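Undergrad: Here is my input; please provide its structure:
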Amino acid sequence: MGYVGLLWSTVRSLLGSPHYSIRQAVRALRAIERTQGLMLAHLRDFDLRKIVSRVTVPIVFLQGRHDFATTPAIVASYAETLGKSLVWFEDSAHMPYYEEPARFRQALLDALLAY
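TA: I've put the predicted structure just below:
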């Protein structure tokens, strides 16, 4: 299930829940969007590449190829700048641990064994 599938699953769960009226479910969905906007607004111009250009501990970037929240090209560039490993998840967006759980688990195990 990709990001869109997860989104629709959340919508269905809220709308179908006996714990929420339709009005409450719609308000909850709007609150999720508003909360994200408020929480992420200060990160709009944040660029970690300008702050951290060297890291001396092992790092492996695990990146969904279809991620809209964290641009794959930026992650790839940063991983290369740091000289760190990057594992692509071709069938994932922002949550490869959810979208490709078996492959994500294996990537974590491989990363642990590499260090």
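Undergrad: Geometric centre of this structure: which residue is closest?
TA: His94 (3.1 Å; C-alpha atoms, centre = their mean).
Undergrad: any idea how far the host helix or strand of Ser13 is from the chain center?
TA: Assigning secondary structure by DSSP states H and E places Ser13 in helix 3-16. Remark: helix 3-16 is offset 17 Å from the chain centroid, using C-alpha atoms, centre = their mean, to the nearest Å.
Undergrad: Can you show me the helices along the protein?
TA: 3-16, 22-40, 48-51, 72-82, 96-99, 101-114 (DSSP state H).
Undergrad: among the helices and strands of the chain, which has the poorest mean pLDDT?
TA: helix 3-16 (a mean of 80; mean pLDDT, DSSP states H and E).
Undergrad: Now do that helix and helix 22-40, the angle between them.
TA: Angle, helix 3-16 to helix 22-40, by axes from the mean of the first three to the mean of the last three C-alpha atoms, to 10 degrees: 140 degrees.
Undergrad: What lies in contact with helix 3-16?
TA: Helix 3-16 is contacted from outside by 1, 20, 22, 25, 28-29, 32, 66, 68, 93-95, 98-99, using C-beta atoms under 8 Å, 6 or more residues apart in numbering. Yep, even glycine has a C-beta here, placed from its N, CA and C like the rest.
Undergrad: Domain-wise, how is this structure divided?
TA: The chain is divided into the following domains under automatic domain parsing: 3-43, 48-114.
Undergrad: most neighbours per residue, which of those domains?
TA: Of all the domains of the chain, domain 48-114 has the most neighbours on average by mean count of other C-beta atoms under 10 Å, namely a mean of 14.
Undergrad: how long is that domain from one end to the other?
TA: Domain 48-114 has its terminal residues 25 Å apart, counting by C-alpha to C-alpha, to the nearest Å.
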